[in-house]
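# Sequence first, then the predicted structure:
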Amino acid sequence: MGLSERRLFTTMTTLAFITNDCLTRADILTHAVDEMTEVLQTIQDVELRPSPINGTGLFTTRDRSKGEILAVLDGQVVPHGNDLDFLLAHEWNAISDEEILLRPVWTLYGYINHARPGLLTFSLIHRTLSLRQDVISGTELTLNYLEHGMPEVYMASPHGQYLR
């Protein structure tokens, strides 16, 4: 099954769970991600591993230098409208308290866990993820999710409590 067919299957499966009211929104999101065998490979020389921080994390498979650009983030700048359901159903990065950089598909960015301070920084001007310091192979790549603001509705929810 190709990526497009897989995403359609995932969407249909998720809709079936929503229709049957079997799961919470968080369970639906987890199920949708678990169903996807493919995510866009947006960062080179990384792998997914169990994280001591939270769930699955993104780990570098080679040594990297401070300032190295790992990726240019894609997506569309949109207002989030303080809609928690919308935020939970998509992959995004906060770029202010009011706007997010929204992606229509799941990518490796979604596996970068929050940490203060993060090893990565996000440039709003160039939309790049770059390293704040040298790291060795096997290091989990992290980002301070609060670096550019965060929707208050997310922060106030149980999903955002760990960010405080």
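Thanks, I have the structure now.

# Relative to residue 67, how far out is the one residue sitting closest to the centre of the chain?
By CA atoms, centre = their mean, the chain has its centre lying nearest to residue 110, at 2.2 Å. Between residue 110 and residue 67 the distance is 24 Å, computed by CB to CB, to the nearest Å. Where C-beta positions appear, they are placed from N, C-alpha and C, glycine not excepted.

# for residue 118, same thing?
Residue 118 sits at a distance of 15 Å from residue 67 (criterion: CB to CB).

# ok, now residue 138?
20 Å.

# Between residue 118 and residue 67, which is the more surrounded one?
Taking other CB atoms under 10 Å, residue 118 and residue 67 do not tie; residue 118 has more neighbours (20 against 11).

# Residue 115 touches residue 146, doesn't it?
No - judged on CB atoms under 8 Å, residue 115 makes no contact with residue 146 at a distance of 10.6 Å.

# what mean pLDDT would you report for stretch 54-69?
Across stretch 54-69, pLDDT averages out at 96.

# got it, and stretch 88-105?
pLDDT averaged over stretch 88-105 gives 88.

# Find the residue closest to the residue nearest to the centre of the chain in space, skipping its chain neighbours.
Sequence neighbours aside, residue 91 is the residue nearest to residue 110 in space, at 4.7 Å (criterion: CB to CB, 6 or more residues apart in numbering).

# Count the neighbours of that neighbour for me.
19.

# could you measure it against residue 103, distance?
Taken as CB to CB, the span from residue 91 to residue 103 is 5 Å.

# Which neighbours do these two have in common?
residue 109 (CB atoms under 8 Å, 6 or more residues apart in numbering).

# ok, back up a step: do I have it right that the residue nearest to the centre of the chain meets residue 42?
No - between residue 110 and residue 42 there is no contact under CB under 8 Å: 9.5 Å.

# Now do the phi/psi pair for residue 98.
Per-residue torsions, residue 98: phi -110, psi -20 (degrees, to the nearest 10).

# OK, contacts around it?
Contacts of residue 98 by CB under 8 Å, 6+ apart are 79-80, 149, 151.

# Select the helix or strand of the protein having the lowest average pLDDT value.
Here the helix or strand of the chain ranked lowest by mean pLDDT, DSSP states H and E is helix 3-20, holding a mean of 37.

# Endpoints of stretch 53-63, how far apart?
21 Å (CA to CA, to the nearest Å).

# Can you give me the buried ones in it?
Neighbour-count burial for stretch 53-63, counted by 16 or more other CB atoms under 10 Å, picks out 57-60.

# No further questions, thank you.
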